[in-house]
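here's my sequence, what's the structure:
(one chain, ligands or ions: 2)
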Amino acid sequence: MSNIRDMLEIAGRGNSPGADIRDQLRRDHESVLGDLEALRAETADQRCQAILRRLRRAWVIHALAEETVVYRALEGAEAAVESKTRADERFIEHELVEGLFEKLSRCRPSSLEWHARINVARSLILRHVETEQADMFAQLAQRFDEATLVEMGRRFELARDKLTLLEEAKAA
Ligand SMILES: [Fe+2]
Ligand SMILES: [Fe+2]
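Ligands and ions are numbered 1, 2, ... in the order given. Alright, predicted model coming up:
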């Protein structure tokens, strides 16, 4: 993979217009990857922390909404044991990234550790997003009709809104 923009363009090609769950997931992924790039480019400590807070919150909300609405729906549709293992990997990757963000929040921006953790988080997120937009999007298209995917998108938005309110209340 040459760079993030190429990857997102490739992932976006060939999808039908109109919003279904894949459009919403793709939008979240683009926003997380964009914030991650901003974080890598930033040098001022305070701005690093502000971007990290925004990124971490966006990640937690995306991960939880995705687990509740999308992963669970796929698990319900998946019979093979092998597929279940892969679903588990997705959950663990969400957890690993959140763990890295948590450690980063206690780390001095511009330190070696800061950069190392960001680079590891970036590799994990890129791999995760790439797998979702290739394999998971294909599974969604295979198992659910367009109306179901639109409805799944609606439920994802609702879950996201609810989680956003909860996160805002926590931060207040
Ligand atoms: Fe995702
Ligand atoms: Fe995910």
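
list the buried residues of stretch 138-153.
Within stretch 138-153, the residues scored as buried using 16 or more other CB atoms under 10 Å are Gln139, Leu140, Phe144, Leu149, Met152, Gly153. Where you see a C-beta, it was placed from the backbone N, CA and C, and this is true even at glycine.

give the rounded mean pLDDT of the one helix or strand Asn119 maps to.
Using DSSP states H and E, Asn119 sits within helix 112-131. Helix 112-131 shows a mean pLDDT of 96 in the predicted model.

would the particular helix or strand that has Glu151 in it count as contacting ligand 1?
Under the criterion of DSSP H and E, Glu151 resides in helix 146-171. No. Remark: helix 146-171 sits outside contact range of ligand 1, by CB under 5 Å from the ion, the gap being at least 10.2 Å.

pLDDT below threshold where in this protein?
Along the chain, the parts satisfying pLDDT under 70 run over 1-18, 78-87.

what do you get if the cut-off is 50, keeping everything else the same?
In the predicted model, the chain carries pLDDT under 50 at residues 1-2, 8-17.

which parts of it sit against ligand 1?
Glu66, Glu132.

re the thing from before, quick one: buried residues of the helix holding Asn119?
Neighbour-count burial for helix 112-131 flags Trp114, Arg117, Ile118, Ala121, Arg122, Ile125, Leu126, His128, Val129, Glu130 (criterion: 16+ other CB under 10 Å).

these: which two are farthest apart?
The span of the buried residues of helix 112-131, defined through CB to CB, is set by Trp114 and Glu130 at 24.4 Å.

and the helix or strand hosting Leu33, what does it pack onto?
Using DSSP H and E, Leu33 maps to helix 21-41. Here helix 21-41 touches helix 4-12, helix 45-66, helix 112-131, helix 137-143, helix 146-171, going by 3 or more CB pairs under 8 Å, 6 or more residues apart in numbering; DSSP states H and E.
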